[in-house]
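> the following comprises the amino acid sequence and a computationally predicted model.
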Amino acid sequence: MNNLELKNEVKEISNKLKTNPNDETLKTNYFWTLHKWAKAEIESNGISHAISAVVEMSKYQLKSPMGYNSTGWAVYKILKLMVQDQNVHSQHHNSISLLVKALDTIEIDNSTHLYSTLFWVLNKLAESNSLWFLSFIRSHGLEVFSPDDYKPNEYNGKKLNSLALSVHLKAAKIIENLSEGKLQSVNWFFPYLNKILEKYPYEIWLNYHKSKFFIILDDFEKARKLIFNIMKKKEKEFWLWHLLGETYENTDDEKALSCFAKGLLLGGKPEMLIGIKLSTAKVQLKLGYFTEARTELEIIKKIREDNNWKITDDIKQLLNNEFIRKADQKKDLVPFYTEKAATIANILIEQYPEQKGIITNILEDHHWAFIGFELNKTARYILKKNDNFKIGDVVSIHIVEDIIGGVKKYDVKSIKKHDGKTSFDFIKNIKGELKKINGKDFGFIEDVFIPPQLILANNLIDKSLIEGLALLEYNKDKKTNTWKMITINQN
């Protein structure tokens, strides 16, 4: 049968059903005839008829694996055409919700890969306001992904997120953009978010969305804790500072402004900064910084105009505020933001572990100082212009831990000299007579190695009486911890 003949047969059976609505044989025949028609229309790109056929199929859904698969794969093939052809998508994207509703009538397991395949095509089509995507998840859950669905994908040599991860990220973003029912949706989706985080505990964007969820739930302390953890790896991302500022909005406007200021100082593409600039202008208006607020609003307006974007109602309303209209504009906001950002910078430093340490080496050419804080644990500090640290100084430091190439590395976020008494089990005072090794430029005091640079710098000779500090550290050649002198007291 051709398409027209199938369409006429569908119409004929439909008319019979009107007079015999409870005839199970007739309903079964109607379902399979609709399936044949849908299949034929899909193959000939008759998308409108194919959609009508599938939607009608769902009203007479056969409760069997074959019936479920027939509806599911027919929907997938229509949606795939939308993915492949932008014109098909433009013409029929309003029908996606109807097709997803048709999927509500079927049961899906992953024995035929239908579950994964449908999620793949729906994830491709979903936008930040696609409520039908959430509807599909509510109907079919997120528990039936196959092991392969959790593996990263690759395209043109570039690693892409796994299907399971992509679906969770898309759903979280849609929920955050909801204008109604946001709180209920967060509570519904939170268990899924926590579950996927078990598989990807360090995934930045999952933790970002979890922070957003906590903000929606007004649990700002938990949100901040997560954000601070992310910042240990992504401190220079302006959007993280925007997110942190949201946790202070309406409770501490000065701290919110401090976060936004830090984010704006980090910068980014102008189009990407509109959100944080708008948040900044709003809190500036509340705090009475009218000149700064107007300056930001005018910048936002220009960015939108340059991109031919609409000036939104909230921006118009802010620009029409009496105080904003009367305010001047600033040529340079950097000094203002530099001052304001100091508040949150100090709070951030407090999130890092504080340690007592001792400076064990300084590489002046690199402007680096190395601080030992535990046996075989050393943090690097980048020296500033006015620093006057020297080897042997005891310091208080805040450190950040990172893993680079599978090895733990430590960097210093803040440092100050420590005046109190502190002892370290990997540092000892040493005093004695130098024993130089014949023909060599190094020597020992008992079991303490005296390196050549100290001997040369202090013009030492054999049997010189010296005193200083020694460091216990791992010796790769001897595969054990050994002592090495790091500084010699000057008499």
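Nice, thanks for sending it over.
> would you map the strands across this structure?
For the chain, strands defined by DSSP state E occupy the ranges 153-155, 158-160, 354-363, 368-374, 377-382, 394-404, 407-417, 427-433, 435-436, 443-445, 448-450, 465-475, 480-488.
> make CSV out of those strands and add distance to residue 180, mean neighbour count and mean pLDDT.
(Each C-beta comes from the backbone N, C-alpha and C, glycine too.) Formatted as CSV, those follow (distance: least, Cβ to Cβ, whole Å; neighbours: other Cβ atoms under 10 Å; pLDDT from 0 to 100):
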stretch, distance to residue 180, mean neighbour count, mean pLDDT
strand 153-155, 34, 10, 82
strand 158-160, 32, 9, 87
strand 354-363, 45, 18, 94
strand 368-374, 52, 20, 95
strand 377-382, 49, 18, 94
strand 394-404, 41, 16, 87
strand 407-417, 42, 15, 90
strand 427-433, 63, 14, 94
strand 435-436, 82, 15, 92
strand 443-445, 77, 20, 95
strand 448-450, 71, 21, 96
strand 465-475, 60, 17, 95
strand 480-488, 63, 17, 96
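> for residue 27, which of these is the nearest?
Among the strands of the chain, strand 153-155 comes nearest to residue 27, with 41.4 Å by Cβ to Cβ.
> now for that closest one, which elements pack on it?
In terms of contacts (3 or more Cβ pairs under 8 Å, 6 or more residues apart in numbering; DSSP states H and E), strand 153-155 is packed against strand 158-160.
> ends of stretch 323-336, what's the gap?
Stretch 323-336 has an end-to-end distance of 19 Å (Cα to Cα, to the nearest Å).
> one step back: can you put the strands of the chain in a markdown table and add distance to residue 342?
Formatted as a markdown table, these follow (distance: least, Cβ to Cβ, whole Å):
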| stretch | distance to residue 342 |
| --- | --- |
| strand 153-155 | 43 |
| strand 158-160 | 38 |
| strand 354-363 | 19 |
| strand 368-374 | 24 |
| strand 377-382 | 19 |
| strand 394-404 | 16 |
| strand 407-417 | 13 |
| strand 427-433 | 34 |
| strand 435-436 | 52 |
| strand 443-445 | 47 |
| strand 448-450 | 44 |
| strand 465-475 | 35 |
| strand 480-488 | 34 |
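> out of the ones you listed, which gets nearest to residue 17?
Of all the strands of the chain, strand 153-155 sits nearest to residue 17, with 45.0 Å by Cβ to Cβ.
> quick one: strands adjacent to the closest one?
Using DSSP bridges, the strands paired with strand 153-155 are strand 158-160 (antiparallel).
> show me which positions of stretch 242-250 end up buried.
Going by neighbour count (16 or more other Cβ atoms under 10 Å), the buried part of stretch 242-250 is 242-249.
> now do that stretch, average pLDDT.
For stretch 242-250, the per-residue pLDDT values average out at 94.
> would you mind confirming that residue 271 is in contact with residue 299?
No: using Cβ atoms under 8 Å, residue 271 is not in contact with residue 299, being 11.7 Å away.
> so which helix or strand of the protein has the lowest pLDDT on average?
Least confident helix or strand of the chain, by mean pLDDT, DSSP states H and E, is strand 153-155 with a mean of 82.
> so where's the stretch 151-300 of the chain shaky on pLDDT?
Of all residues in the stretch 151-300 of the chain, none has pLDDT under 70.
> domain-wise, how is this structure divided?
Domain assignment for the chain by automatic domain parsing gives 3-232, 233-351, 354-417, 427-488.
> next one: the first one to chain centre, how far?
Meaning domain 3-232. On the basis of Cα atoms, centre = their mean, to the nearest Å, domain 3-232 sits 24 Å off its chain's mean C-alpha point.
> so who does residue 327 touch?
Each residue near residue 327 by Cβ atoms under 8 Å, 6 or more residues apart in numbering is listed here: 290-291, 293-294.
> dump the residues you listed to JSON lines, plus neighbour count.
Formatted as JSON lines, those follow (neighbours: other Cβ atoms under 10 Å):
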{"residue": "290", "neighbour count": "18"}
{"residue": "291", "neighbour count": "17"}
{"residue": "293", "neighbour count": "24"}
{"residue": "294", "neighbour count": "24"}
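> now, which of the residues you listed sits nearest residue 472?
Within those, the smallest distance to residue 472 is 57.2 Å, found for residue 293 (Cβ to Cβ).
> no further queries at this time; thank you.
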